[in-house]
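Q: here is the input, now give the coordinates:
(one chain, ligands or ions: 1)
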Amino acid sequence: MIPFVKAHACGNDFLIIEEPLAQRRHAELARKLCARNTSIGADGIEFLERKPNGEFFLRLFNADGSEAELSGNGTRCVAAWLASSEGRREVALGTHGGLRTCHVIEANDPLYLIESEMGIPRVMQRTIVLPGVGEVPGAMVNVGNPHFVLFVECDDFSAHGLSWQELGAQISVSPLFPHGTNVEFVRVLSPSEIAFRIFERGCGPTTSSGTGTCASSVAAMALRGADRALTAVAEGGPQRTVWPTSDAVMRLTGPAEIICRGEVTAL
Ligand SMILES: N[C@@H](CCC[C@H](N)C(=O)O)C(=O)O
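A: Presented below is the predicted three-dimensional model:
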């Protein structure tokens, strides 16, 4: 049996499993345990390694078994778990996308409000050409993992005659992005508020994404003149981003909630 914790951030849900229990079967466990109809169900698994010197390292596997550099929401879920189980109020979590330090702002176990330092984002305008669609202007944003952000006008987030889900599915696996990409569809509602939808690499549509929130905010701030402190609203709810200047660390604030703990039969 494998002990797990399940947590979510605005509906973006994760299993947390101690790294030694993975026994190098990370991808296989992610595919099996994230399945919504035949197992626990989640958007991904955070494997939590505790190093002998007391440091932590996270490996994130998407529901399809692919490994990503990091998750913003998943990292926050792990910080919430360490707050709940060990009383930590500040924790630095290593990831393949860089170190992410999380500060607990409010603790009402099992619900936590957490601010995370999300590194220094990079953004570049880019127009891609998709078969059957044509030119799609957008921006490549790296916040530790890759994102392609499109600005859209329609209330339903559709663009180029396709639903955001259809277009997201095509862009996410386009050969133009050899490592795949997460895709966000952003509407700028006011200088201080954006709404967006997310098609995640390795996962598909999700109700929220921490790195997607950062990437959408970065694109709106850098390319649409939005305020440097924003509310970014996804289907699963709002998060706050602050990016004072282009060479500064972005901060992301949002909730994370522990759902349950359990044990699942090993493969
Ligand atoms: N939902 C996550 C992002 C998870 C990783 C992503 N699917 C990828 O492959 O890069 C978040 O909250 O950031």
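Q: how far is stretch 207-222 from where the chain is centred?
A: 9 Å (Cα atoms, centre = their mean, to the nearest Å).
Q: now it: mean pLDDT?
A: Here stretch 207-222 scores 98 as its mean pLDDT.
Q: kindly report the same for stretch 62-70.
A: Stretch 62-70 comes out at a mean pLDDT of 98.
Q: just to check, E117 is in contact with L93?
A: No: here E117 does not reach L93: they are 10.3 Å apart, not a contact under Cβ atoms under 8 Å. The C-beta positions use only the backbone N, C-alpha and C, and glycine is treated the same way.
Q: overlap of the contact sets of those two?
A: R100, T101, C102 (Cβ atoms under 8 Å, 6 or more residues apart in numbering).
Q: let's have those in JSON lines, adding neighbour count and pLDDT.
A: Below are those laid out as JSON lines (neighbours: other Cβ atoms under 10 Å; pLDDT from 0 to 100):
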{"residue": "R100", "neighbour count": "25", "pLDDT": "98"}
{"residue": "T101", "neighbour count": "16", "pLDDT": "98"}
{"residue": "C102", "neighbour count": "25", "pLDDT": "98"}
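Q: L167 sits in which helix or strand?
A: Per DSSP states H and E: L167 is located in helix 164-172.
Q: contacts for the helix or strand that that helix is followed by, please.
A: Once helix 164-172 ends, the next helix or strand along the chain (criterion: DSSP H and E) is strand 182-190. Identification of contacts with strand 182-190 by Cβ under 8 Å, 6+ apart yields 145-153, 155, 157, 159, 164, 167-168, 171-172, 194-201, 209, 211-212, 215-216, 219-220, 224, 226.
Q: same thing but 7 Å
A: By Cβ atoms under 7 Å, 6 or more residues apart in numbering, the residues outside strand 182-190 that reach it are 145-152, 157, 159, 164, 168, 171-172, 194-201, 209, 211-212, 215-216, 219-220, 224, 226.
Q: and if you look at stretch 78-96?
A: Here stretch 78-96 has contacts from 5, 7, 16, 46, 48, 55-58, 69-70, 75, 99-104, 107, 109-110, 112, 114, 144, 256-258, using Cβ under 7 Å, 6+ apart.
Q: quick one: distance of that stretch to the chain centre.
A: Using Cα atoms, centre = their mean, the offset of stretch 78-96 from its chain centre is 17 Å.
Q: CA atoms of that stretch as CSV?
A: The C-alpha trace of stretch 78-96 is given here as CSV (Å, rounded to 0.1, in the frame of the first residue of the first chain):
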residue,chain,number,x,y,z
VAL,A,78,2.8,20.7,-0.6
ALA,A,79,3.5,23.8,1.5
ALA,A,80,-0.1,23.5,2.9
TRP,A,81,0.5,19.9,3.8
LEU,A,82,3.8,20.7,5.5
ALA,A,83,2.0,23.5,7.4
SER,A,84,-0.8,21.1,8.4
SER,A,85,1.3,18.1,9.3
GLU,A,86,4.5,19.9,10.7
GLY,A,87,3.3,23.4,11.6
ARG,A,88,5.7,25.0,9.1
ARG,A,89,4.9,28.6,8.2
GLU,A,90,7.7,29.2,5.7
VAL,A,91,9.2,26.5,3.5
ALA,A,92,11.6,26.4,0.6
LEU,A,93,10.8,23.7,-2.0
GLY,A,94,13.3,22.8,-4.6
THR,A,95,11.9,21.9,-8.1
HIS,A,96,13.4,21.4,-11.6
